[in-house]
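Visitor: Here's my sequence, what's the structure:
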Amino acid sequence: MILLHGAGQTRYSWRKAGQRLAQAGWWAVALDTRGHGDSDWPANGDYSIDTLVADLLSVVQHLGHNGDHKPVLIGASLGGICGMLAEGERATVFSSMVLVDITPRIDNAGVARIIEFMTRHQDGFDSIEQASKAVAAYQSHRSRDQAAAKTGNSEGLKKNLRLADDGRYYWHWDPRLMQHIGTIEERFYIRQRDAAANLKLPVLLVRGQQSDIVSHESVDEFLQLVPHAEFQDIANAAHMVAGDNNDIFARSVLEFIGSASVS
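Guide: Residues are numbered from 1 along each chain as shown. Below you'll find the predicted structure:
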């Protein structure tokens with residue numbers, strides 16, 4: 001099982017969900033996408049979608065998977081786009097796929113909100129606490145108890161930050177990534193739609209009910225493109241579904257994979 005995070009995240013976004021999946025008997029491999037977390041930053045700043053898809057295919061090949069033994073792909077946001085394109089344009093990569101709050105058509109206002117947050121703090125933070133407050137302000141959909149639990153987990157937040165030589169904390173991803181992220185929806189909608197229409201494997205689309213990225217109309221369009229896909233709307237969750245409602249998310253994935261493997 002390959003877990004591929006979204007833009008601006010790291011492999012630690014899956015830490016709790018990954019543990020649940022591993023406890024159920026799956027070998028859950030969570031990756032840092034290039035330019036994120038502990039992965040290298042390419043000298044040429046290449047974060048194009050084709051390069052990210054090629055990276056994913058290289059990982060599948062490196063893990064030794066072939067036509068008789070294909071991994072499950074769980075992709076959130078940008079990770080889901082990469083998985084959808086890899087499978088939709090190759091058709092022989094994965095055994096089943098879970099797309100987490102991502103469809104070919106996404107809401108421009110929601111994307112702009114994410115980009116604004118990711119670019120707002122490029123000068124870094126004085127402390128972990130300052131970063132925590134910035135995250136809490138962005139995640140205004142959370143209840144007070146949810147926000148307190150998340151922002152109180154400074155160790156978890158540290159995984160998404162790096163301490164630079166100037167003593168400030170910066171997000172653990174290459175700022176050059178933004179040169180590509182802002183253009184993905186406009187440039188690749190038709191390509192994503194065509195890839196989705198080519199998906200023949202079992203597919204589960206998971207949306208956070210409070211998502212400002214994937215609308216009900218986008219879900220309806222996706223289900224028309226992939227009529228055999230299953231869909232689940234998860235309450236009390238936004239775009240970061242796996243983190244917002246971890247237990248329900250992990251249970252939904254396990255139920256889907258269990259049914260997909262016997263169908």
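
Visitor: From now on I want contacts and neighbour counts done on CA atoms only, so please keep to that.
Guide: Noted.

Visitor: What is the strand or helix carrying Gly258 packed up against?
Guide: Gly258 belongs to helix 246-262 when elements are defined using DSSP states H and E. For helix 246-262, the packing partners by 3 or more C-alpha pairs under 8 Å, 6 or more residues apart in numbering; DSSP states H and E come out as helix 15-23, strand 96-100, strand 230-234, helix 241-244.

Visitor: Give me the below-cutoff pLDDT ranges for the stretch 151-263 of the chain.
Guide: Flagging of the stretch 151-263 of the chain using pLDDT under 70 yields the residue ranges 151-155, 182-187, 242-246, 260-263.

Visitor: give the contact list for Ala91.
Guide: Neighbour list for Ala91: 198-200 [criterion: C-alpha atoms under 8 Å, 6 or more residues apart in numbering].

Visitor: Now with 7 Å, please.
Guide: Residues counted as contacts of Ala91 (C-alpha atoms under 7 Å, 6 or more residues apart in numbering) are Leu199.

Visitor: Please tell me the pLDDT value assigned to it.
Guide: pLDDT recorded at Ala91 is 71.

Visitor: Quick check: it vs Ala24, distance?
Guide: 27 Å (C-alpha to C-alpha, to the nearest Å).

Visitor: The helix or strand containing Ile115 - what's its average pLDDT?
Guide: Per DSSP H and E, Ile115 falls inside helix 108-120. For helix 108-120, mean pLDDT is 83.

Visitor: Beta-bridge partners for the most centrally placed residue in the chain, please?
Guide: By C-alpha atoms, centre = their mean, the chain has its centre lying nearest to Ala76, at 2.1 Å. Beta bridges link Ala76 to Val100, judged by DSSP bridges.

Visitor: That one: what's it in contact with?
Guide: Shown in contact with Ala76 (C-alpha under 7 Å, 6+ apart): 4-6, 99-102.

Visitor: Looking at those, spot the one nearest Met178.
Guide: Set against Met178, the nearest of those by C-alpha to C-alpha is Gly6 (12.8 Å).

Visitor: quick one: pLDDT of that closest one?
Guide: 92.

Visitor: So Glu89 is in contact with Arg193, correct?
Guide: No. Counting by C-alpha atoms under 7 Å, Glu89 sits too far from Arg193 to count as a contact (11.0 Å).

Visitor: measure the residue lying farthest from the centre of the chain to Gly45 for me?
Guide: Here the chain reaches farthest from its C-alpha mean at Asp166, the gap being 30.2 Å by C-alpha atoms, centre = their mean. Going from Asp166 to Gly45 by C-alpha to C-alpha gives 23 Å.

Visitor: Nothing else from me, thank you.
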